[in-house]
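J.: here is my input; please provide its structure:
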Amino acid sequence: MFLTLWATPRSTSTAFEWMMRQRGDFTCFHEPWNETYYYGEDRQSDRDADVEAKPGHNFASTWAALNAAHGADGANVFVKDFAYSAEHSFTEERLANMTHSFLIRDPKRVVQGLAKHWPDCTFEEVGFESLHRLFVRLADRDGTPPPVMYSGDLLDDPAGTASAYCDAVGIVHKPEALEWEAGDRNEVSWYGEGTGPWHDNLRASTGIQKSTTEYAPLEDNQRLFEFYERSLPLFEELYRHRFTPTPNPTPQE
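T.: I've put the predicted structure just below:
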């Protein structure tokens, strides 16, 4: 299985990815397209234009590496990323090779969390527009919407939401993967520079848990508040398709 979780930034997606890593039955990739989007030879953003790309690091090589990991025998691969990073490189063949799933969060928290680290973030980087566009494309192609997970459900009921996710994408639920030890998270770093402040909560965590981070009101920044207003109807459309947590989930064999 080539399983992809398309998320918005600051949506508990890396904590969910960490859970997938604890399972032990998937080779997991942390934002490979996003890394290429910012740091590849054919990067799509000038945010870190002064960072020299590694030779051969580009979108073609990123796709090739993921396909090689999946292999002819269909080995299990899990990728967590943002649709805006890879959208320009989507082909029907590439999309058809993956099992798609989505993770959304209240756009106010998304914008606030992203702007805390990137005050100059763009609307594209907020992620809802490209996420919604991909969702519609897949739903129209398949005649049924792909699974949508809501971060609020994941934080309120990690076990039930993880169980429902596994049912939705067709994998075995492994509740033991919801617990881990606090420590370094170098597997989710880019370019060997450590995880930085993005993953402070994850390093301290021993499971999926609610954040206590407080943010300045969006209303204090007109530009960011407009990002929220533009994202809200896209979020609401995706939210209407979310699956609900499994009541009293039990382990599966």
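
J.: name the single longest helix found in this protein.
T.: helix 222-239 (DSSP state H).

J.: now for that one, which elements pack on it?
T.: strand 99-104, helix 107-117, helix 123-126, helix 128-142, strand 148-150 (3 or more CB pairs under 8 Å, 6 or more residues apart in numbering; DSSP states H and E). Every residue, glycine included, has its C-beta placed from N, CA and C.

J.: so which residues make contact with the fourth one?
T.: With CB atoms under 8 Å, 6 or more residues apart in numbering as the test, helix 128-142 has contacts from 6-8, 82-84, 87, 90, 92, 95, 100, 102, 104, 107, 110, 123-124, 145-146, 148, 230-231, 234-235, 237-238, 241.

J.: lowest average confidence, helix or strand, in this structure?
T.: In the chain, no helix or strand scores lower on mean pLDDT, DSSP states H and E than helix 200-204, which sits at a mean of 59.

J.: mind jotting down where the helices sit in the chain?
T.: Under DSSP H, the chain gives helices at 13-23, 32-39, 59-70, 83-86, 92-96, 107-117, 123-126, 128-142, 151-156, 158-169, 200-204, 222-239.

J.: comparing those helices, which comes out most buried?
T.: Using mean count of other CB atoms under 10 Å, the stretch among those with the largest mean neighbour count is helix 83-86, at a mean of 26.

J.: now do it, average pLDDT.
T.: Helix 83-86 carries an average pLDDT of 98.

J.: dump the residue contacts of the residue lying farthest from the centre of the chain.
T.: When distances are taken from the C-alpha mean of the chain, D220 lies farthest, 27.7 Å away, according to CA atoms, centre = their mean. With CB under 8 Å, 6+ apart as the criterion, no residue contacts D220.
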